[in-house]
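[1] Sequence below, structure please.
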Amino acid sequence: MLDKAGLLDEVASRIAASTPTTVAYLNVHVMNTAARDEALSDFLRSADLCYADGAGVVLGARILGHELPERMTGADWIWDLAAEAEGRWRIAWIGGEPGVSEEAARVLRERHPDLELLAEHGFHDDNPALCERVNAWKPDLVLVGMGTPVQERWTSIWRGHLDAPVVWCLGATADFVSGKVDRGPAWLHDNQEWLARLLTEPGRLWRRYLLGNPLFLARVVRERITGPRPSDRARG
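    Numbers count the residues shown, from 1 in each chain. Purely as a prediction, here's the structure:
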């Protein structure tokens, strides 16, 4: 199992070897969505690298007897990735509302001026043309941030049209880096990211966290007591 440094090292080695790689993440919202979305569940199982993006998943794994490394959320590791990529890799970032990924790219380049980063919003009707533009940029890494399950569905369909060695789903990271969405107090989002997000966007996120978190924990406890359901065993 990889920690943040190990994850970035693994991505770097796959870029160097031009190994086609799809990277995904798990948090409680993704897990709850996958429980009722078989296509998303299949995508996550087929991903080459998949890591914990939330403390809830780390806790759930511990209840089931597994130890995961630190949670790794995009709003944190994106800065390490930018430092790793500066002067070395070309990145394309697809996602967010028009202007959001572009602003996130500008913020990253303020700290890393030699970072080569193409930004595109996530509301394109002509995806073949989008893939052609991205391929013309010749990126080593494509970041896809459209929210779950849209980004995973998009990646499932269009991954084969992208020439980049690595395609990485990263959720709403552009919203945070651009300043469009406030992460809340650092002391809180470092320990309880879900609560920080709930406090900053209660109207949009209360169902996801106040209903979704107990639902996820109930499913974990049931699996701890009874074991995986037959359908989960078959897919696993």
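[2] all contacts plus neighbour counts: C-alpha atoms, from now on.
    Will do.
[3] List the neighbours of stretch 67-87 that are in contact with it.
    Stretch 67-87 is contacted by residues 1-4, 8, 51-55, 58, 61-62, 91, 108, 112-116, 170-171, 173-174, 176-177 when judged by C-alpha atoms under 8 Å, 6 or more residues apart in numbering.
[4] at 6 Å instead, please
    Outside stretch 67-87, the residues within contact range by C-alpha atoms under 6 Å, 6 or more residues apart in numbering are 3, 52-55, 58, 114-115, 170, 173.
[5] Give me the buried entries from those.
    Among the contacts of stretch 67-87, those classed as buried by neighbour count (16 or more other C-alpha atoms under 10 Å) are 52-55, 58, 115, 170, 173.
[6] nearest to Ala218, of these?
    Val58 (15.0 Å; C-alpha to C-alpha).
[7] Name the next helix or strand downstream of the helix or strand encompassing Ala119, please.
    Using DSSP states H and E, Ala119 sits in strand 116-120. For strand 116-120, the following helix or strand on the C-terminal side (DSSP H and E) is helix 127-137.
[8] List the buried residues of the helix or strand harbouring Trp77.
    Taking DSSP H and E as the criterion, Trp77 maps to helix 74-85. Residues of helix 74-85 classed as buried: 74-75, 77-78, 81-85 (neighbour count, 16+ other C-alpha under 10 Å).
[9] List the strands paired with whichever helix or strand comes after it, with their directions.
    Downstream of helix 74-85, the first helix or strand assigned by DSSP H and E is strand 90-95. Neighbouring strands of strand 90-95 in its sheet, by DSSP bridges, are strand 116-120 (parallel), strand 141-145 (parallel).
[10] buried sites along strand 90-95?
    90-95.
[11] just stretch 126-133 next, same as before
    For stretch 126-133, burial by neighbour count (16+ other C-alpha under 10 Å) applies to 130-131.
[12] one step back: among the buried residues of helix 74-85, which one sits closest to Trp158?
    Gly74 (21.7 Å).
[13] ok, now which ones touch Ala164?
    139-141.
[14] Fine by me, thanks again.
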